[in-house]
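S.K.: Return atomic coordinates for the entry below.
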Amino acid sequence: MEEPSVICGGRRRPLTLGRSLFDEADELAIVVPASCRRTGRCHECVVEVRRGKSQLSPPTPAEAFLRPGFRLACQATVERADRDLEFRVLRRLLRIQLAPDIASSEVDPAVAIVDGRVVADDGTDLGDAGGPLVGVAIDVGTTTVVLELVDLAAGTLLALAAFENPQQFGGSDVMTRIGYDTDVPGELARALRRAINFELRRLTAQLGLDRRQLVEGMIVGNPTMRDLMFRVDVGPLGRIPFRSLSETDLREGRATTTTLVRRAHEVGLLLHPTARVTGGPIVASHVGADSVADLVAVRALDRGLPFLIVDIGTNTEVIASDGSRLVAASGPAGPAFEGGGLGNGMAGAEGAIESVRLVGGRFEVSTIGGGPPEGICGSGLVDLLAELERAGWMSRTGKLRDGATRIPIVADRNISFSRGDIGHLGVAKAATAIGQRVLLRRLGLEPSDLDRVYLAGGFANALDSERAIAIGLLVPAPLDRIVRAGNASVAGARALLLSRRLRAELEAIVRRIEHIELEAEPDFFELFTDGCLFEPIAS
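M.R.: Predicted coordinates for the structure are as follows:
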């Protein structure tokens with residue numbers, strides 16, 4: 001019998017009694033973030049225990065904020081060693097899919113050097129100029145956070161990072177996190193700020209920058225993520241009529257915009273303390289500043305032709321236009337296509353299976369980084385579903401052949417795919433498909449009428465469009481009109497950071513967008529049932 005092992009990040013070593021999970025991570029050369037010298041105070045070293053929970057010491061008072069299955073690595077100690085123990089670090093660095101260079105190249109930032117002083121356009125004096133002025137663009141997604149440092153004078157990208165949102169201990173979707181924030185106020189916001197500040201310290205150290213050179217920030221995200229970042233109560237977003245406080249203030253005349261503006265010290269970010277940090281405007285309900293930033297990045301309105309933007313994520317958002325009218329909707333797709341909730345799912349990090357082919361009855365896979373597979377990310381899941389359906393191994397309703405409940409994908413790595421996984425992906429796919437179908441119907445458009453279909457989101461660049469159409473994830477538009485826009489939200493945030501004109505124009509554009517409540521459609525449940533089938537989306 002093999003000696004019990006501790007496993008993390010595809011690495012393993014013999015399990016040792018008395019060690020904390022932090023100690024075990026050290027031995028495996030796995031980086032676990034922390035800033036309190038492993039005392040349990042900073043709450044940064046959250047890990048998810050995937051196997052062997054019973055072998056660990058009971059949770060300590062410092063871990064009271066965590067949901068079952070999550071531990072602080074510095075507090076969880078190995079008390080038994082009779083079986084394998086597997087855990088994962090929540091804040092892994094992810095592959096970055098840069099958006100094509102289609103965002104505005106205009107450079108007219110709101111902060112400049114005037115007579116040797118750094119001055120913002122609202123008159124704020126940030127002191128003597130001590131080097132290049134740097135802006136920070138951040139896309140806060142439910143599953144992934146992307147951050148860029150930008151030279152405000154040259155308009156060039158200095159550094160970027162993408163990492164998993166560490167708030168997963170509070171739930172995998174926005175509604176669960178809203179409930180968690182009600183029960184444990186402030187903990188999700190603290191986790192996010194600490195993660196962003198960790199990356200800011202790392203990147204500024206690499207570039208030899210002082211934090212006082214970070215003179216402006218632009219943050220986009222869905223309304224829940226944005227409001228958490230700005231310490232705004234997200235409770236109203238979790239109950240009917242599902243509105244951010246900023247949307248309510250606009251509707252009731254207490255504000256003229258849904259844009260949020262704070263100083264860096266107010267939101268707790270390691271920029272110049274008085275630097276202005278802006279939260280981009282939202283549309284309505286759960287259609288947020290991230291989808292608006294997508295619109296900026298791809299410059300879809302410049303063409304004056306019908307288009308569709310699909311930002312596939314935990315909260316999938318869709319914007320469509322017939323060339324003049326603009327409509328938008330969101331759907332709670334959940335984290336399945338970002339690896340969450342699946343037996344062997346994972347985000348797009350090194351070791352994730354990103355491509356799958358079924359050849360001669362065997363699966364051929366390729367991974368990010370080319371190393372041994374650890375799990376399957378979004379593009380690999382789309383490939384896998386399409387291959388199973390094509391080969392007759394899965395029906396259009398998602399049933400596996402011969403009544404199987406699970407099939408091995410990479411047997412020697414214990415990576416498999418289950419009937420339950422298919423069900424999760426079917427629901428996620430339906431939420432994405434309904435938005436596209438309803439918006440096109442509202443505009444009187446067929447998929448063939450679209451001049452462009454822009455795919456945004458973390459795995460958009462690796463997505464096989466033909467296979468996505470085949471399983472009903474995307475509308476059947478001509479393949480040559482599908483544009484992979486990568487992490488378009490952060491590209492849009494960067495463009496807004498660099499252009500005062502774009503910010504002003506965007507406020508007017510947001511007011512033109514009609515929000516469509518998908519659940520209010522009279523045939524919503526019929527559309528949802530159709531969307532769960534693994535077949536092309538009907539007109």
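S.K.: Let me see the contact set for residue 5.
M.R.: 12-15, 84-85 (C-beta atoms under 8 Å, 6 or more residues apart in numbering). (C-beta placed from N, C-alpha, C; glycine too.)
S.K.: of all those residues, which comes closest to residue 463?
M.R.: Checking those against residue 463 with C-beta to C-beta, the nearest one is residue 12 at 31.6 Å.
S.K.: Look up the closest residue to that closest one, ignoring the ones flanking it.
M.R.: In this structure, residue 12 finds its nearest non-sequential neighbour in residue 5, 4.3 Å apart by C-beta to C-beta, 6 or more residues apart in numbering.
S.K.: Equivalent analysis for residue 40, please.
M.R.: residue 62 (3.3 Å).
S.K.: ok, the residue nearest to residue 12 to residue 489 distance?
M.R.: 39 Å (C-beta to C-beta, to the nearest Å).
S.K.: can you check residue 107 too?
M.R.: From residue 107 to residue 489 the distance is 20 Å (C-beta to C-beta).
S.K.: Then residue 376?
M.R.: 24 Å.
S.K.: before we move on, back to that, if you count surrounding residues, which of residue 107 and residue 489 has more?
M.R.: residue 489 (36 against 14; other C-beta atoms under 10 Å).
S.K.: doesn't the more buried one fall inside a helix?
M.R.: Yes: checked against DSSP: H, G, I helix; E, B strand; the rest coil, residue 489 lies within a helix.
S.K.: and it, what is it in contact with?
M.R.: 139, 141, 146, 220-221, 290-291, 293-294, 297, 311, 456.
S.K.: The same query, at a cut-off of 7 Å, please.
M.R.: 139, 220, 290, 293-294, 456 (C-beta atoms under 7 Å, 6 or more residues apart in numbering).
S.K.: Pick out the lowest-pLDDT one from the residues you listed.
M.R.: For the contacts of residue 489, the weakest pLDDT value sits at residue 456, with 91.
S.K.: Next one, pLDDT for the residue lying closest to residue 158 once chain neighbours are set aside please.
M.R.: Leaving out its chain neighbours, the residue that sits closest to residue 158 by C-beta to C-beta, 6+ apart is residue 149, at 4.4 Å. On the pLDDT scale, residue 149 is placed at 97.
S.K.: Kindly report the same for residue 524.
M.R.: So residue 524 comes in at 95 (pLDDT).
S.K.: tally of neighbours for residue 173?
M.R.: For residue 173, using other C-beta under 10 Å, the count is 18.
S.K.: Kindly list the longest helix within this protein.
M.R.: helix 419-443 (DSSP state H).
S.K.: The protein: helices as residue ranges?
M.R.: According to DSSP H, the helices that the chain contains are 21-27, 174-183, 187-207, 223-229, 245-251, 264-267, 289-298, 378-390, 419-443, 465-470, 488-498, 500-512, 524-531.
S.K.: Looking at these, spot the one closest to residue 281.
M.R.: The nearest among those, by C-beta to C-beta, is helix 500-512 at 4.8 Å.
S.K.: tell me what the closest one is packed against?
M.R.: helix 289-298, helix 488-498 (3 or more C-beta pairs under 7 Å, 6 or more residues apart in numbering; DSSP states H and E).
S.K.: can you do 6 Å?
M.R.: helix 488-498 (3 or more C-beta pairs under 6 Å, 6 or more residues apart in numbering; DSSP states H and E).
S.K.: Helix 500-512 and the helix it packs on, what's the angle between them?
M.R.: Orientation check (axes from the mean of the first three to the mean of the last three C-alpha atoms, to 10 degrees): helix 488-498 against helix 500-512 gives 130 degrees.
S.K.: Could you give the average pLDDT over helix 488-498?
M.R.: 94.
S.K.: got the buried residues for stretch 295-315?
M.R.: Neighbour-count burial for stretch 295-315, counted by 16 or more other C-beta atoms under 10 Å, picks out 295-298, 300-301, 306-315.
S.K.: now do the same end-to-end measure for stretch 274-286.
M.R.: With C-alpha to C-alpha, to the nearest Å applied, stretch 274-286 spans 30 Å between its terminal residues.
S.K.: go on, stretch 351-367?
M.R.: 5 Å.
S.K.: what does that stretch contact?
M.R.: Contact with stretch 351-367 is made by 10, 346, 368, 371, 373-377, 379-380, 383-384, 387, 391, 409, 462, as judged by C-beta atoms under 6 Å, 6 or more residues apart in numbering.
S.K.: Stretch 204-216 now?
M.R.: Here stretch 204-216 has contacts from 111, 118, 126, 131, 133-136, 270-272, 275-276, using C-beta under 6 Å, 6+ apart.
S.K.: What is the lowest-pLDDT residue among the residues you listed?
M.R.: Within the contacts of stretch 204-216, lowest confidence goes to residue 131 (83).
S.K.: For that one, list the residues it contacts.
M.R.: residue 213.
S.K.: How much space separates it from residue 213?
M.R.: Distance from residue 131 to residue 213, by C-beta to C-beta: 5 Å.
S.K.: and what of residue 330?
M.R.: In terms of C-beta to C-beta, residue 330 sits 36 Å off from residue 213.
S.K.: higher neighbour count, these two?
M.R.: Legend: neighbour count by other C-beta under 10 Å for residue 330 and residue 213, higher for residue 330 (29 against 23).
S.K.: quick one: contacts for the more buried one?
M.R.: Per C-beta under 6 Å, 6+ apart, neighbours of residue 330: 286-287, 315, 317.
S.K.: For residue 219, give the beta-bridge partners.
M.R.: Going by DSSP bridges, residue 219 is paired in beta bridges with residue 138, residue 279.
S.K.: Surely it is in contact with residue 138?
M.R.: Yes: look at residue 219 against residue 138 with C-beta atoms under 6 Å: they come within range, at 4.8 Å.
S.K.: Between the contacts of residue 489, which sits nearest residue 200?
M.R.: Nearest member of the contacts of residue 489 to residue 200, counting by C-beta to C-beta, is residue 139, at 14.8 Å.
S.K.: What degree of burial does the closest one show, as a neighbour count?
M.R.: 29.
S.K.: can you check residue 282 too?
M.R.: Neighbours of residue 282 (other C-beta under 10 Å): 30.
S.K.: Touching, it and residue 288? I think so.
M.R.: Yes: judged on C-beta under 6 Å, residue 282 makes contact with residue 288 at a distance of 4.7 Å.
S.K.: Quickly list what's touching both of these two.
M.R.: With C-beta under 6 Å, 6+ apart as the test, residue 282 and residue 288 both reach residue 223.
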